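Engineer: Give the three-dimensional model of this entry:
(one chain, ligands or ions: 1)
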Amino acid sequence: MSEKKGILMVLTGPSGSGKGTMLGEYRKDHDVYFSISNTTRAPRPGEVNGVHYHFISKEDFEERIAQGRMLEYAQYCGNYYGTPRDKEEEQMNLGRSVILEIEVQGAMQVRKNCPEAVLTFIVPPSMAVLRERLIGRGTEDMATVEKRLAKAVDEIRCADRFDYLVINDSLDDAVRDFADIMDACEKGDEARLAALREKTARLKEQVAREFLG
Ligand code: 5GP
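Structural biologist: Predicted structure coming up:
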């Protein structure tokens, strides 16, 4: 088996797909470099500046774009989100994988600018579960929940463009599936990657039936 190399993993999924929780679990057992994004949205209760995001003003964000300091960025539900050009390259050269947790437009920019990146899309098991999760979180008002639901379906339409899919039904299974993808990519294990691609093709059909009718 070849030695593990650092990879650039982009993890995308609609708000409420549970990707943050899944990633939190994965990171407990895996030493990866997690990029902390810049955003212009207000912190949610419990979110800490410099830990969950770097919370900055719109003016500051636009200045950083103009200065070319963003690896990618997007507007999402009225706010800017972006990945600062940071230590990704250095970390990968040291053999440490880098994970960006970003939305679809940003993921497509990374695909274009960093062809070696691996793109994984995480999906909730059903529309009903997605709605429940967004409401249950209790951090957004109903208008925002509806806006995010509509956005979620738009994003799920793009799942087809991703390399791998994970369905987040049970958290443990989702963490295991994601860890499997990470490990197979880091080891460059072609046989496992081919099996994962086949599984993803089946999941894409399942997702299209559930969400896109
Ligand atoms: P939230 O407001 O729920 O934290 O994030 C909204 C969306 O923005 C999520 O899909 C999240 O993955 C995405 N996001 C977070 N950081 C970035 C970033 O740096 N760039 C891009 N393009 N999307 C981001």
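Engineer: C-alpha only now, for contacts and for neighbours.
Structural biologist: Will do.
Engineer: buried sites along stretch 101-114?
Structural biologist: Applying a neighbour-count criterion of 16 or more other CA atoms under 10 Å, one finds 101, 102, 103, 104, 105, 106, 107, 108, 110, 111 buried in stretch 101-114.
Engineer: let me redo that: stretch 84-91
Structural biologist: Buried residues in stretch 84-91 (16+ other CA under 10 Å): 84, 88, 91.
Engineer: now, which of the residues you listed sits nearest the ligand?
Structural biologist: residue 84 (7.4 Å; CA to the nearest ligand atom).
Engineer: Now the closest one. Nearest residue, chain neighbours left out?
Structural biologist: In space, and not counting its chain neighbours, residue 84 is closest to residue 70: 4.6 Å by CA to CA, 6 or more residues apart in numbering.
Engineer: and the lengthiest helix in the chain, which residues are buried?
Structural biologist: In terms of residue count, the longest helix belonging to the chain (DSSP state H) is helix 190-212. Neighbour counts using 16+ other CA under 10 Å place 192, 193, 196, 200, 203, 204, 207, 211 of helix 190-212 among the buried residues.
Engineer: same check, this time on stretch 68-79
Structural biologist: For stretch 68-79, burial by neighbour count (16+ other CA under 10 Å) applies to 70, 71, 72, 73, 74.
Engineer: how much space between the third one and residue 125?
Structural biologist: With the distance defined as CA to CA, to the nearest Å, residue 72 ends up 28 Å from residue 125.
Engineer: List, out of the buried residues of stretch 101-114, those positioned next to the ligand.
Structural biologist: 101, 102, 103, 105, 106 (CA under 6 Å from any ligand atom).
Engineer: farthest pair in the residues you listed?
Structural biologist: Across those, the longest distance by CA to CA is 12.0 Å; it joins 101 and 105.
Engineer: Would you enumerate the residues in contact with residue 120?
Structural biologist: By CA atoms under 8 Å, 6 or more residues apart in numbering, residue 120 lies in contact with 9, 10, 11, 12, 162, 163, 164, 165, 166.
Engineer: does the fifth one really touch residue 121, like I thought?
Structural biologist: Yes: between residue 162 and residue 121 there is a contact under CA atoms under 8 Å: 6.2 Å.
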